[in-house]
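In: need coordinates for the following:
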Amino acid sequence: MYISNISLQKKFVTLYVIILLVPVLIFTWNISKQYYEASIHDAISENEYILQLEQVNIENNIETIRRTAQMVVANQEFKEFIRQKEEYDVKGLLDFKINVLSDITQLKYNNPSIENIHFFTSNKNISEMWPIVYDEKRIANSDWYKKLLELNGREMWRFNQQGQYLDNVYSSKIGPWKASLYRQLEYPKDNHLGIIEITMLLENFFPKMFSGVNNGQSQMLVIDEMSNVHVNPADTLLEELNTNPEAIRDNFFRDNKNDSNQTMRFQNRERPYLIVSSYVEGIDMHLLNVVSLKDIYAERNQIRMYIFIGAFALIIVLSLFTHGIISLILKKFHLLIELMKRVEKGDFTVDVDIRGHGEIGRLSNHIRNMLSKINSLIADSVNKEAATKESELKALKTQIDSHFLYNTLENIKMMAEIDGNYEISDTITSLGEMMRYNLKWKKDFVSLQDEVNHIKNYIDIMNVRLDNKLRFNVDIPSRYLSQEVLKMTFQPIVENSVKHGLLDVLHEKDGIISIKVFSNTKDIMIEITDNGVGMDKSTLCQLTANLIEGTEVEETSSQMKSGSGIGLYNVHERIQLHYGNEYGLKIDSEEGEYTKVVVTLPCLLLEGGGGLPS
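Out: Residues are numbered from 1 along each chain as shown. Modelled structure (predicted):
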């Protein structure tokens, strides 16, 4: 009976509070959970980035060590000395120490991060020369020695402590942990000379782990191929988590089923933490970053409390305004729900015909805009997917291994030189340089010297087909050779000169292509002239009009296109896009006499200077 006596307004307010309270609780829980997951994601991303930086450092150090070992292997005098079967006299030993061993020592000085360079020789005629040359017997009992010999010259990486086999050299004490590269030296092939050892302190090999720069919420660990765990003793996070490196390792290997980069969460005595891992394949090592989630947990709970308080306060405030408009809101809201159900089933053509400037009206307007945007995005997605498939197909058709082509051409060139076919060798050289110039497009700008050399290679190749009837005259003062030009500016012009200007006159005379350079106070003009058939005035006017108006007509498009796929119009347009409309191409021709193309560019030195050199 009490309920019957309550006013309708209070019933609506009470119902509104009850209905709103449950979603608010769920919303609060989900928001705090999403914030927590977002914080975890941010922590993972941040620490993955840290591991990536450390992995880059490791790869650089690996390359430094490998390069140092290779330079020792490549030292011919060193190998000749080591393989000698007779004992050296004092003069020979001094000569080796001054002229050869000093070069090996210099490698260490050139790379300060390198700790030691050791060579363990099996030659009984060679005396130990500290701190580089040692007797191989010192390492014969090492656990890795026999395995290294079975690798047939391939490298082996180990994390070990110096002093285990170098006692009586410095000290019998075991030294700090180091990253060591071991490699067997054979010279000649299958003739064992000894073992090369290049070492680097872990604090240099893992610079970020030992940098000491962290926020106290993470600690980096390294697990080597022998499952030894290496840490920076200055970091104390594991102590705060009441755990130890070995426990972290055991947890990691229990859940890590393969050598891949993974992220794992653990809890130790109600203290949560995160492990972000990265596998370094070259040296069979796992790089781990242990991140404490304590602060993230605390911040999540704090945000959850604030949201609860704010939500309850909002419910109280909103309840005061619900009675007069709740029926209208529910009516329009139910209509929106029905429309959105149709959208959920895939009908994006629904018409949300709810107008007004209130919340529901604005929401309806946003839904209309959203549906329009969704339809537009669906259409764009279909078009982009089709374009992507087409691009992937084109990329697959045109994919080529440039290094394979360069090496193949170099081999063919050497075969031609061996057979005495120097003309073929020179032609292949020119072709290889052209391919390298075309395929290695690392930047849009090159020097005038590079562009002219590219044209010379093109002329040399064309002369093979045209019985050396093409001549290439270059009149460029040396001060202009560093002028900046767009790459592939000249080749379309020269190709047009050969294909459409010179081929028809080569049976009567030699074809000549000349390049001259002159300048004024701020611009440089590059003049490319041929003595071909030329053009009549109507063709010249049409071609000039096409360049000025920025159009390509069907009658001349075949002449304006070159084998490289960049026509005269494209060259003209590229120049204007980069330098402005006052620059570009100008064409002059006399029928039966010549065709001249003048390329106007601003005076810019490729090295970065501006203006003309004196």
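
In: neighbouring contacts of stretch 266-278?
Out: With CB atoms under 8 Å, 6 or more residues apart in numbering as the test, stretch 266-278 has contacts from 40, 43-44, 47-48, 51-52, 54-55, 241-243, 247-248, 251-252, 256, 261-265, 286-294, 297. (Each C-beta comes from the backbone N, C-alpha and C, glycine too.)

In: which of those are buried?
Out: Listed as buried from the contacts of stretch 266-278 are 40, 43-44, 47-48, 51, 54-55, 241, 243, 248, 251-252, 256, 262-263, 286-293; burial here means 16 or more other CB atoms under 10 Å.

In: restricted to helices, list these.
Out: Judged by DSSP state H, helices contain the following of the buried ones among the contacts of stretch 266-278: 40, 43-44, 47-48, 51, 54-55, 248, 251-252.

In: tabulate those residues in TSV, adding columns for distance to residue 539.
Out: Formatted as TSV, these follow (distance: CB to CB, whole Å):
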residue	distance to residue 539
40	70
43	69
44	66
47	67
48	62
51	64
54	65
55	61
248	79
251	80
252	75
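
In: and which of those residues is nearest to residue 130?
Out: residue 54 (33.7 Å; CB to CB).

In: which ones are touching the closest one?
Out: Here residue 54 is in contact with 206-209, 220, 278, 287 (CB under 8 Å, 6+ apart).

In: before we move on, what SS does residue 321 have?
Out: coil (DSSP: H, G, I helix; E, B strand; the rest coil).

In: and of the contacts of residue 54, the nearest to residue 545?
Out: Nearest to residue 545, judged by CB to CB, of these is residue 278 at 61.1 Å.

In: need the strands for the stretch 401-550 of the chain, in chain order.
Out: Along the stretch 401-550 of the chain, counting by DSSP state E, counting those that start in this stretch, strands occupy 445-447, 470-475, 484-486, 511-519, 523-530.

In: who's in contact with the fourth one?
Out: By that I understand strand 511-519. 448, 452, 455, 459, 466, 469-477, 480, 483, 490, 494, 497-498, 502, 505, 524-532, 603, 612.

In: how about stretch 16-26: buried residues?
Out: Those would be 16-17, 20, 24, for stretch 16-26 by 16+ other CB under 10 Å.

In: over to stretch 586-605?
Out: For stretch 586-605, the neighbour count (16+ other CB under 10 Å) marks 587, 589, 594-605 as buried.

In: where does the stretch 401-550 of the chain have low pLDDT?
Out: The stretch 401-550 of the chain contains residues with pLDDT under 70 at 401-404, 406, 550.

In: please repeat the previous calculation with a cut-off of 80.
Out: Residues of the stretch 401-550 of the chain meeting the criterion pLDDT under 80: 401-411, 413, 416, 420, 422-423, 432, 435-443, 548-550.

In: picking that back up, the buried residues of stretch 586-605: which two are farthest apart?
Out: Farthest pair in those, by CB to CB: 589 and 605, 31.8 Å.

In: can you pull out the helices in the stretch 151-300 of the chain?
Out: Applying DSSP state H, counting those that start in this stretch to the stretch 151-300 of the chain gives helices spanning 202-205, 237-240, 245-255, 294-319.

In: buried residues in the second one?
Out: Meaning helix 237-240. So, applying 16+ other CB under 10 Å, buried residues of helix 237-240: 237-238.

In: before we move on, what about the first one?
Out: If you call a residue buried by 16+ other CB under 10 Å, then helix 202-205 has these buried ones: 202, 204-205.

In: with pLDDT and distance to residue 60 added, can I get these in a markdown table?
Out: Formatted as a markdown table, these follow (pLDDT from 0 to 100; distance: CB to CB, whole Å):
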| residue | pLDDT | distance to residue 60 |
| --- | --- | --- |
| 202 | 89 | 15 |
| 204 | 90 | 11 |
| 205 | 90 | 10 |
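
In: between those residues, which is closest to residue 129?
Out: residue 204 (24.9 Å).

In: list the contacts of the closest one.
Out: Residue 204 is in contact with 61, 113, 115, counting by CB under 8 Å, 6+ apart.

In: can we see that at 7 Å?
Out: residue 113 (CB atoms under 7 Å, 6 or more residues apart in numbering).

In: same question, the one 4 residues further on
Out: Shown in contact with residue 208 (CB under 7 Å, 6+ apart): 50, 53-54, 57, 220.

In: likewise for residue 368?
Out: By CB under 7 Å, 6+ apart, the contact set of residue 368 is residue 352.

In: re earlier: out of the contacts of residue 208, who's the most crowded?
Out: Counting neighbours by other CB atoms under 10 Å, residue 220 comes out on top of these with 24 neighbours.

In: what's the neighbour count on the closest residue in space to it that isn't next to it in sequence?
Out: Closest residue to residue 220 apart from its sequence neighbours, by CB to CB, 6 or more residues apart in numbering: residue 209 at 4.1 Å. Using other CB under 10 Å, residue 209 is surrounded by 25 other residues.

In: how near is residue 209 to residue 438?
Out: In this view, residue 209 and residue 438 are 45 Å apart by CB to CB, to the nearest Å.

In: now residue 207: how far from residue 527?
Out: Applying CB to CB, the value for residue 207 to residue 527 is 56 Å.

In: repeat for residue 373
Out: 55 Å.

In: who has more neighbours out of the two?
Out: Between residue 373 and residue 527, counted using other CB under 10 Å, residue 527 has the larger neighbour count: 16 against 10.

In: center of the chain - which residue?
Out: residue 56 (11.7 Å; CA atoms, centre = their mean).

In: for that residue, what are its contacts?
Out: Residue 56 neighbours (CB under 7 Å, 6+ apart): none.

In: is the nearest residue to residue 547 once chain neighbours are set aside in a helix, a strand, or coil?
Out: Using CB to CB, 6+ apart and skipping the chain neighbours, the partner closest in space to residue 547 is residue 572 (5.0 Å). Classification of residue 572 using three-state DSSP returns helix.

In: tell me who's in contact with residue 572.
Out: Counted by CB under 7 Å, 6+ apart, residue 572 has contacts 547, 584-585.

In: then residue 132?
Out: Residue 132 neighbours (CB under 7 Å, 6+ apart): 101, 104-105, 117-119.

In: need the buried ones from the residues you listed selected in ChimeraX.
Out: In ChimeraX syntax, the buried subset of these is picked out as below (16+ other CB under 10 Å):
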select :101,104,117,118,119
